[in-house]
Each structure stands twice: as C-alpha cells, then as structure tokens.
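# Just need the structure, nothing else, for what follows:
(2 chains)
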Amino acid sequence: MLLHLLNRSPQSLSVYRELGEAFGADDHLLLIEDACYAALPSASAALEPFGGRVSVLAEDLASRGLAERVSPAIAVVDMNGFLSLTESHQRCVSWF
Amino acid sequence: MLTYALLVHAAPYSHQSALSALRFAETVVARGHRLKTVFFYHDGVHNASALMSPPQDEVHLADGWKRLHEVHGAELLVCVAAGLRRGVLDTSEASRHGLAAHSVEPPFELTGVGQLVDAMLANDRLITFAP
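Have a look, this model is predicted:
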C-alpha cells in the first residue's frame, strides 16, 4: 500500500503512464503542485488508471485558481489531509 | 507519533517544491510528529545558503528551515558533493579547497549520502520533494 505523490501536469504523459503501470490495487495518488491540473474534468483521461483513489491538494489548487473547477470524483485535501495520507501509508513514492 | 525525514531536491524560488517541502515540514511538527532530518540534495543544496536575501514580503526559505532546527530540533543535512559542485560550502570545505568565501553556516551541516541512507532507515517516513 503506497502513497504516490505526483507534481507534474498531465502534459507529462510519460510520467502518468509509468505511474499508471506501477500503481497497485491498494495504492493512493495525491496530486500536488502542477499535477492539480489533472484534477480538472477535462483531464479525467489522465487519471483513469487510478480507479478513483486520487486526492488533490487544496492549497495548490487555490494558488492556481482551480479550487472551484475540480472534478467531483476527486477528494480535495489540505496540508493536514496530506499529512494524514502519509500517516496511513507506510511508504511514499514521489513522481517528478 | 511518527518520525519523518524529508529529501529536498529543489532549489529555492526556482520551483514550488522547496516551498512545498517547508509547508509539509511545518505541518508535520504542528501535528506533534517528530521531524528528525531534512536532507538537501542536488539543486536543493541552495536552500542552505546563508546569503539568501529574498524580499521581505516573501517567504524566507532558509530561515524557515533554521526555525525547524531551532524550535523542533530537525537536523539540516546538505550533501557535500552536490554542495561543492554548486559553490555551497562551509568554512572547513572552503579552507580545504583554498577558497576565500563560504556560504553555509550552522545549523546546516555538510554530510555525505550515507547520512541520507541512515535517515531512510531510521525514520518511519521519508517524503521526497523534487522539481
């Protein structure tokens, strides 16, 4: 059970593809920094491999003016929620 | 209570990652966890520059890291090999290389990557922030 941290926009296709291949059945994905753009409904195809086990960081959404535009399928978490995900997942892998 | 180590690859102000790492570090200690080690690697070594002088209305990243050391005891480790390549070194390395100036002051410490491996093994969590 891994927590994956991703900070690249969905334009970085190869990172999303490699992450999709490495993503396990009990894993969770947190979108931070420019990966917030993947939380927009128009980018939903980029997140298909992750089976709805995806969250996005509220502070990074807000700083990009995206807070009101998140796909309803994605959970929005703040920094405390980010920390909680690292508490509940023993290992954390960063993709960049 | 968990123990955390952070690995910071990103230069300050070039990319959001260094700020993300600092915000996460502050959240770790605010929740009552122990932040034991922050390891600065690759361009992340620039976070240790004692000469960093951002405008007063911006976040001062080096001061933020120092506060985590002073208030919460986090050790601030800088990869010596990455630092030397980038001119980020302390008095001892400056003297060893015959250089007139240095840019790293305590509480930042120059160390080898062995310390990073120790931090990986000794802490409950290692979180990487990279550009």
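
# what about stretch B:86-105, distance to the chain center?
Its chain's C-alpha centre and that of stretch B:86-105 lie 17 Å apart, by C-alpha atoms, centre = their mean, to the nearest Å.

# So A:Phe23 sits against A:Met1, correct?
No - A:Phe23 sits out of contact with A:Met1 when judged by C-beta atoms under 8 Å, with a separation of 11.4 Å. Where C-beta positions appear, they are placed from N, C-alpha and C, glycine not excepted.

# Got phi/psi on the residue positioned nearest the centre of chain A?
By C-alpha atoms, centre = their mean, chain A has its centre lying nearest to A:Leu31, at 2.6 Å. Dihedral angles of A:Leu31 (phi, psi; degrees, to the nearest 10) stand at phi -90, psi 120.

# for it, what are its contacts?
A:6, A:38-39, A:54-57, A:60, A:74 (C-beta atoms under 8 Å, 6 or more residues apart in numbering or on different chains).

# make it 6 Å
The contact partners of A:Leu31, by C-beta atoms under 6 Å, 6 or more residues apart in numbering or on different chains, come to A:6, A:38-39, A:56.

# Skipping adjacent residues, who's closest to it in space?
Nearest residue to A:Leu31, sequence neighbours excluded (C-beta to C-beta, 6 or more residues apart in numbering or on different chains): A:Val56, at 4.3 Å.

# Paired strands for the helix or strand harbouring the one you found, with orientation please.
Assigned by DSSP states H and E, A:Val56 belongs to strand A:54-57. Strands that pair with strand A:54-57, judged by DSSP bridges, come out as strand A:28-31 (parallel), strand A:75-77 (parallel).
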